[in-house]
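J.: build me a structure from this.
(chains A, B, C and D)
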There are 2 protein chains.
Amino acid sequence: MNIYDVSKRAGVSIATVSRVLNGNPNVSEKTRTKVLAIMDELGYTPNVFARGLGLGTMKTIGIMCSDSSDPYLANAIYHLEQQLRGNGYDSLLCCTGSSLENKRSCFELLLSKRVDAIILAGSKFVELIDKDNAYLIEAGKELPIMLVNGFLDAPGIYSTVCNDYGAVYYAVGRLLDSGRRDILYLYTSHSYSGLNKVQGYKNALTDRSLPIRRELIRQCAKDLTAAKELMEDMWNSGLRFDGVMTSDDSLAVGAVKFAHAKGMAIPEDISIIGYNNSILSYCTNPEISSVDTKVKELCITTVDTLMKVFDGGSVPAKTVIAADFIQKQTTNF
Amino acid sequence: MNIYDVSKRAGVSIATVSRVLNGNPNVSEKTRTKVLAIMDELGYTPNVFARGLGLGTMKTIGIMCSDSSDPYLANAIYHLEQQLRGNGYDSLLCCTGSSLENKRSCFELLLSKRVDAIILAGSKFVELIDKDNAYLIEAGKELPIMLVNGFLDAPGIYSTVCNDYGAVYYAVGRLLDSGRRDILYLYTSHSYSGLNKVQGYKNALTDRSLPIRRELIRQCAKDLTAAKELMEDMWNSGLRFDGVMTSDDSLAVGAVKFAHAKGMAIPEDISIIGYNNSILSYCTNPEISSVDTKVKELCITTVDTLMKVFDGGSVPAKTVIAADFIQKQTTNF
DNA sequence: CTTTATTCTGTAAGCGCTTACAAATTGATT
DNA sequence: AATCAATTTGTAAGCGCTTACAGAATAAAG
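T.: Numbering: from 1, shown residues only, chains lettered A, B, ... in the order given. Sure thing, here's the model as predicted:
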């Protein structure tokens, strides 16, 4: 069942059938409806490979993420896929894990599959593809590259980011203004957004003429138990804090566990703020106040931007989405 | 840059280059290494579209799931993608949501993309594609269909399922044997696995000559709050229970919230058992005892089976994976 | 040094589609 | 009725690859 069968049955040439297939306007209304009817009757589906060969594209977008089972990324993937399909594009998914080598090979895989664009979901990408980003910058010349929560200033590379700096600045500011003084900052990685977040933390302090204490800024694996244990270690070594700002909800859950273990009252003895407002922040008791990073909006914007790029429109290299602070039960300001 | 360039540069015909590309043994070692060297030198990547046209396949598997942001499915997708890529296949992802219409159109989309097989992740599929499954059964004649946690007895359709019946039978049995008598069973849907689970619950009772009380078997939206509120309604209307078995961790989290709200001690006043042993079950205090459904193993088996199908080997229509009960803090038997 | 079997390589015909270009049809204008 | 422009259609040449088949080269055997 191919274009020949349709053309024969409809009494036209394959060129005409192809034109109908591609919405070419140079087809009389009469033949168009006729051909469409035949296609329907025969249950004809154009062969995507042949189509791809001719057109050089298969309307497929590559999505790369480190780990699709991370609640935040899982959410992003869902929304990206929905938006892409809504625009007639398919999603080729690649989960890279965290090894640089794997990231590279996934990227090349997608390129070899001739995807029309690549979306890098998650901020841990940019700085890991390679040191000086030469690799990504080169790729950006070949096809559009969309960064979700990452930024790289180069032609063909477009970013949609959340206002992480502002979100943390605000949240930590509220903690400080409500009288907290020793605020621990736990983060998972020094990614693009990670750097912005920590800067928000620092500036919230300095803008209030408060000192930045390096011992209160700590990296931690994205793991409930790791966060809890790190805090216990810190506490047991004499360090004190009455507030915790985190770069991810999972760390905040660990903080709640820490507080429970120590018999501390939340938020009276210790305030805790999560990040991403994922389902995790709703599971604990008390529920964790968290920053809603608007994943859905981020994804919609990313895909919208991509479509504009395809249409040849001029689009901003970077779009910033405003985050929301969601007050739940681990803060009381 | 195409196969011609390579052949010219290597001083051989395109047929020979193609043979090298496809690992055809009818190439002398000398020419093979030479061609490979040239490919490498030129950075040649075969055009997948042309390849697909010639071979009729692009080594791509379609993965369908209702919602990739569900923790369980997100995990499944991750492992499926990893396994598939490890076997040289790409993953085309489609998130269908729950509407039947959407499921159908996703399925047809994947078919039209000429994927080599379709994996349906999540048990809510089989019974929703259509009433009598005629649709799926028909598709199974065209290409392999793999069901993860679903079952349908038809040629070309292969299932990998978790022993849900046994898992629930065991867990509820332990609750009963530890003296609990009024065990609430909350489930999200009457999917294939859903039916098996509830049967496990029932048989655990009847095998102990205990009555099945219909008012203790309740459906509930897969939502923390919904579960909590349902339980409150039941409790407030006078119903009493000292144990809760759920078909999903999210419901169990809701149960923990209910217990907290009522000031009940866990597990002394009420035992709670989750399902899937997802990260949610580790977030609460106390942490929720849960059934580990071995997603990774399930996915590995699914892909292994698929590869065997491709190789033409005879494979069982259904493979069962044993679940594990993970005792944490919401039970004490 | 033939002859024959074996291994290796090249030729050319697709795979199903797109599209430039030419040809045919239609309609408007004189 | 003849002319020309505009619209619609068909022809045929790719797109880059695979593979059946034929032909060349090599090796084994006489």
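J.: does A:S98 lie in a helix or a strand, and which?
T.: For A:S98, there is no helix or strand it lies in under DSSP states H and E.
J.: how close does it sit to DNA strand C?
T.: Using Cβ to the nearest atom of the strand, to the nearest Å, A:S98 is found at 40 Å from DNA strand C. Where you see a C-beta, it was placed from the backbone N, CA and C, and this is true even at glycine.
J.: could you tell me how many residues sit around that residue?
T.: A:S98 has 11 neighbouring residues, counting by other Cβ atoms under 10 Å in any protein chain shown.
J.: check what pLDDT it gets.
T.: Looking at A:S98, its pLDDT reads 83.
J.: that one: what's its closest spatial neighbour, skipping adjacent residues?
T.: A:S66 (5.7 Å; Cβ to Cβ, 6 or more residues apart in numbering or on different chains).
J.: which residues touch the closest residue to DNA strand D within the stretch 201-333 of chain A?
T.: Of all residues in the stretch 201-333 of chain A, A:F310 sits closest to DNA strand D, at 20.7 Å by Cβ to the nearest atom of the strand. Shown in contact with A:F310 (Cβ atoms under 8 Å, 6 or more residues apart in numbering or on different chains): A:116-117, A:144.
J.: what about the strands in the stretch 1-150 of chain A?
T.: Assigned strands in the stretch 1-150 of chain A, in chain order: A:60-65, A:90-95, A:117-121, A:145-148 (criterion: DSSP state E, counting those that start in this stretch).
J.: quick one: closest of these to DNA strand C.
T.: strand A:60-65 (15.4 Å).
J.: direction included, what does that closest one pair against?
T.: strand A:90-95 (parallel), strand A:117-121 (parallel) (DSSP bridges).
J.: just those: most buried one?
T.: strand A:117-121 (a mean of 26; mean count of other Cβ atoms under 10 Å in any protein chain shown).
J.: circling back: what are the phi and psi angles of the residue of the stretch 201-333 of chain A closest to DNA strand D?
T.: Here is the backbone geometry of A:F310 (degrees, to the nearest 10): phi -60, psi -40.
J.: from chain B, how far out is it?
T.: For A:F310, the distance to chain B (Cβ to the nearest Cβ, to the nearest Å) stands at 18 Å.
J.: equivalent analysis for A:T206, please.
T.: On the measure of Cβ to the nearest Cβ, A:T206 and chain B end up 34 Å apart.
J.: and that residue, what does it touch?
T.: Contacts of A:T206 by Cβ under 8 Å, 6+ apart are A:I212.
J.: cool, and A:I119?
T.: A:61-64, A:80, A:145-148, A:302, A:306.
J.: try 10 Å this time
T.: A:61-65, A:76-77, A:80, A:84, A:91, A:110, A:144-148, A:158, A:160, A:299, A:302-303, A:306 (Cβ atoms under 10 Å, 6 or more residues apart in numbering or on different chains).
J.: buried subset of these?
T.: In those, burial by neighbour count holds for A:61-65, A:76-77, A:80, A:84, A:91, A:110, A:144-148, A:158, A:160, A:299, A:302-303, A:306, counting by 16 or more other Cβ atoms under 10 Å in any protein chain shown.
J.: all helices for the stretch 51-200 of chain A, in order.
T.: A:71-86, A:100-112, A:126-129, A:134-142, A:164-177, A:192-206 (DSSP state H, counting those that start in this stretch).
J.: lowest average pLDDT across these?
T.: Minimum mean pLDDT among the helices of the stretch 51-200 of chain A: helix A:126-129, a mean of 52.
J.: need the residues of chain A near DNA strand C, please.
T.: A:2-4, A:14-15, A:17-19, A:21-22, A:46-47, A:50-51, A:53-55 (Cβ under 7 Å from any atom of the strand).
J.: picking that back up, pretty sure the residue nearest to A:S98 sits against A:A76.
T.: No: counting by Cβ atoms under 10 Å, A:S66 does not reach A:A76; the two are 11.2 Å apart.
J.: what do the two both touch?
T.: Counting by Cβ under 10 Å, 6+ apart, the contacts common to A:S66 and A:A76 are A:121-122.
J.: related to what we said a few turns ago, buried subset of the residues of chain A next to DNA strand C?
T.: By 16+ other Cβ under 10 Å, those give A:3, A:17-19, A:21, A:46-47, A:51, A:53 as buried.
J.: output the residues you listed as JSON lines; include the columns distance to B:S191 and pLDDT.
T.: Converted to JSON lines, these look like this (distance: Cβ to Cβ, whole Å; pLDDT from 0 to 100):
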{"residue": "A:I3", "distance to B:S191": "41", "pLDDT": "95"}
{"residue": "A:V17", "distance to B:S191": "42", "pLDDT": "96"}
{"residue": "A:S18", "distance to B:S191": "43", "pLDDT": "96"}
{"residue": "A:R19", "distance to B:S191": "45", "pLDDT": "95"}
{"residue": "A:L21", "distance to B:S191": "38", "pLDDT": "95"}
{"residue": "A:P46", "distance to B:S191": "35", "pLDDT": "95"}
{"residue": "A:N47", "distance to B:S191": "35", "pLDDT": "95"}
{"residue": "A:R51", "distance to B:S191": "36", "pLDDT": "95"}
{"residue": "A:L53", "distance to B:S191": "41", "pLDDT": "94"}
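J.: closest to A:I288 among those residues?
T.: Of all these, A:I288 sits closest to A:R51, with 49.0 Å by Cβ to Cβ.
J.: would you point out the helix or strand in chain A whose mean pLDDT is lowest?
T.: Within chain A, no helix or strand scores below helix A:126-129, which has a mean of 52 by mean pLDDT, DSSP states H and E.
J.: which residues touch stretch A:47-55?
T.: By Cβ under 10 Å, 6+ apart, the surrounding residues in contact with stretch A:47-55 are A:1-3, A:18, A:21-22, A:57-60, A:90, A:114, B:47-58, B:112-115.
J.: near DNA strand D too, which of those?
T.: Within the contacts of stretch A:47-55, those near DNA strand D by Cβ under 7 Å from any atom of the strand are B:47, B:50-51, B:53-55.
J.: low-confidence ranges, chain A, go.
T.: A:123-132 (pLDDT under 70).
J.: any idea how it splits into domains?
T.: Following automatic domain parsing, chain A resolves into domains at A:3-46, A:59-163+A:295-323, A:164-292.
J.: can I get those in a markdown table with distance to B:E287?
T.: Shown next, in a markdown table, are the domains of chain A (distance: least, Cβ to Cβ, whole Å):
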| stretch | distance to B:E287 |
| --- | --- |
| domain A:3-46 | 50 |
| domain A:59-163+A:295-323 | 17 |
| domain A:164-292 | 9 |
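J.: for the stretch 151-300 of chain A, which residues are neighbours of chain B?
T.: A:223-225, A:249-250, A:252-254, A:256-257, A:259-261, A:278-288, A:295 (Cβ under 10 Å from any Cβ of the partner chain).
J.: which among these count as buried?
T.: A:223-224, A:249-250, A:252-254, A:256-257, A:259, A:278-288, A:295.
J.: quick one: which of the buried ones among the residues of chain A next to DNA strand C is nearest to A:A167?
T.: A:R51 (44.2 Å).
J.: tell me who's in contact with A:R114.
T.: A:52, A:56-58, A:60, A:62, A:143, B:45, B:47-49.
J.: no, scratch that, I was asking about A:A259
T.: Contacts of A:A259 (Cβ under 10 Å, 6+ apart): A:228, A:231, A:244, A:265-267, A:269-272, A:284, A:286, A:330, B:285.
J.: can you rerun that using 6 Å?
T.: Residues in contact with A:A259 (Cβ atoms under 6 Å, 6 or more residues apart in numbering or on different chains) are A:266, A:270.
J.: picking up where we left off before, tell me which two in the buried ones among the residues of chain A next to DNA strand C are the farthest apart.
T.: Pairwise distances across these peak at 17.7 Å for A:R19 and A:L53 (criterion: Cβ to Cβ).
J.: the residue in the stretch 51-200 of chain A that DNA strand C sits nearest to and A:N2: what is the separation?
T.: Closest to DNA strand C within the stretch 51-200 of chain A is A:G54: 2.9 Å, counting by Cβ to the nearest atom of the strand. Distance of A:G54 to A:N2, computed by Cβ to Cβ, to the nearest Å: 13 Å.
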